[in-house]
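Asker: Could you work out the structure for the sequence below:
(chains A and B)
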Amino acid sequence: DGGITQSPKYLFRKEGQNVTLSCEQNLNHDAMYWYRQDPGQGLRLIYYSQIVNDFQKGDIAEGYSVSREKKESFPLTVTSAQKNPTAFYLCASSKTTGTGSSYEQYFGPGTRLTVT
Amino acid sequence: AQSVTQLDSHVSVSEGTPVLLRCNYSSSYSPSLFWYVQHPNKGLQLLLKYTSAATLVKGINGFEAEFKKSETSFHLTKPSAHMSDAAEYFCVVSETSNQGGKLIFGQGTELSVKP
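Answerer: Purely as a prediction, here's the structure:
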């Protein structure tokens, strides 16, 4: 049964602590993405990776870090430098795009992070 | 730069009546366009996609959308709403020219379905 898994579904942390969100996919996709979703807003791109051992900053990368050591895994660390980390985080994956083409992204179920 | 505007933040319909969710886009290139649906506290599910083939695109659960280049629109429709259609809907445009197929999301339209 192919898909994307994110764990945990709910996560609570104290302010000042780093926290790592897990994302795993078995779709054999090369590209993976992390988004942040806040109430009443669309999704905003944090980081993306098109190939193992390479990743690029998205629109709101400050206060976040990622790694891509395996094709299947793309963990996101929310650091203490992120000013407002409470949000719903979504991971996605897609086939690698070539020029002039675009593949749809498949999303995981999300992790709701609450920092107090 | 590419952008997408969803013209309604909230749409309310009665069960069995038609659904229309409006989306306009801006793109310098031939765009790829998508509609995704999100139920509360869930991930996003792809409803349908347009990638320069037929302008009328049929998706899952009876939804369809029509690409109109002259109007730069990609409105989502369904002939008859069902209670299970209540959710948030996102219109999305893709940067096909470069940058790994980054998606640009609209702000979302919340669809309510009354019995």
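Asker: Flag every residue of chain A that's near chain B.
Answerer: Residues of chain A lying close to chain B (CB under 8 Å from any CB of the partner chain) are A:4, A:6, A:31, A:40-45, A:48, A:50, A:56, A:58, A:88, A:90, A:92, A:94, A:96-97, A:99-110, A:112. The C-beta positions use only the backbone N, C-alpha and C, and glycine is treated the same way.
Asker: Which helix or strand lies directly C-terminal to the helix or strand of chain B with the lowest mean pLDDT?
Answerer: When the helices and strands of chain B are scored by mean pLDDT, DSSP states H and E, strand B:103-105 comes last with a mean of 88. Note on strand B:103-105: by DSSP states H and E, the next helix or strand toward the C-terminus is strand B:109-114.
Asker: Residue 49: what's it in contact with?
Answerer: Going with chain A. With contact set as CB atoms under 8 Å, 6 or more residues apart in numbering or on different chains, A:Ser49 has these partners: A:31-33, A:55-56, A:66, A:68, A:74.
Asker: looking at chain B here, not the other one
Answerer: With contacts taken as CB under 8 Å, 6+ apart, B:Lys49 has the following neighbours: A:104, B:32-35, B:57, B:59.
Asker: Could you do A:Leu113 as well?
Answerer: By CB under 8 Å, 6+ apart, the contact list for A:Leu113 reads A:11-13, A:19, A:21, A:78, A:85-89.
Asker: for A:Lys14, same thing?
Answerer: Contacts here follow CB under 8 Å, 6+ apart; on that basis A:Lys14 touches A:115-116.
Asker: Against A:Pro8, how distant is it?
Answerer: A:Lys14 sits 16 Å away from A:Pro8, taking CB to CB, to the nearest Å as the criterion.
Asker: which non-adjacent residue is nearest the most centrally placed residue in chain A?
Answerer: For chain A, the residue sitting closest to the mean C-alpha position, by CA atoms, centre = their mean, is A:Trp34 at 2.4 Å. Leaving out its chain neighbours, the residue that sits closest to A:Trp34 by CB to CB, 6 or more residues apart in numbering or on different chains is A:Ile46, at 4.3 Å.
Asker: could you give me the average pLDDT of the strand or helix carrying that neighbour?
Answerer: Here A:Ile46, judged by DSSP H and E, is contained in strand A:43-51. Within the predicted structure, the mean pLDDT of strand A:43-51 is 93.
Asker: Just checking: what are the partner strands of that strand?
Answerer: Strands that pair with strand A:43-51, judged by DSSP bridges, come out as strand A:31-37 (antiparallel), strand A:54-57 (antiparallel).
Asker: what's in contact with the shortest one?
Answerer: Contacts to strand A:54-57, defined as CB under 8 Å, 6+ apart, come from residues A:47-50, A:66-68, A:74, B:100.
Asker: can we see that at 10 Å?
Answerer: Strand A:54-57 is contacted by residues A:32-34, A:45-50, A:61, A:64-68, A:74, B:99-100, B:102 when judged by CB atoms under 10 Å, 6 or more residues apart in numbering or on different chains.
Asker: buried residues in it?
Answerer: Taking 16 or more other CB atoms under 10 Å in any protein chain shown as the basis for neighbour counts, the residues of strand A:54-57 that come out buried are A:Phe55.
Asker: May I have that strand as CSV, with CA atoms only?
Answerer: Extracted in CSV, the C-alpha atoms of strand A:54-57 (Å, rounded to 0.1, in the frame of the first residue of the first chain):
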residue,chain,number,x,y,z
ASP,A,54,20.2,18.1,-2.0
PHE,A,55,17.5,20.5,-1.0
GLN,A,56,16.5,24.1,-1.5
LYS,A,57,14.8,26.8,0.6
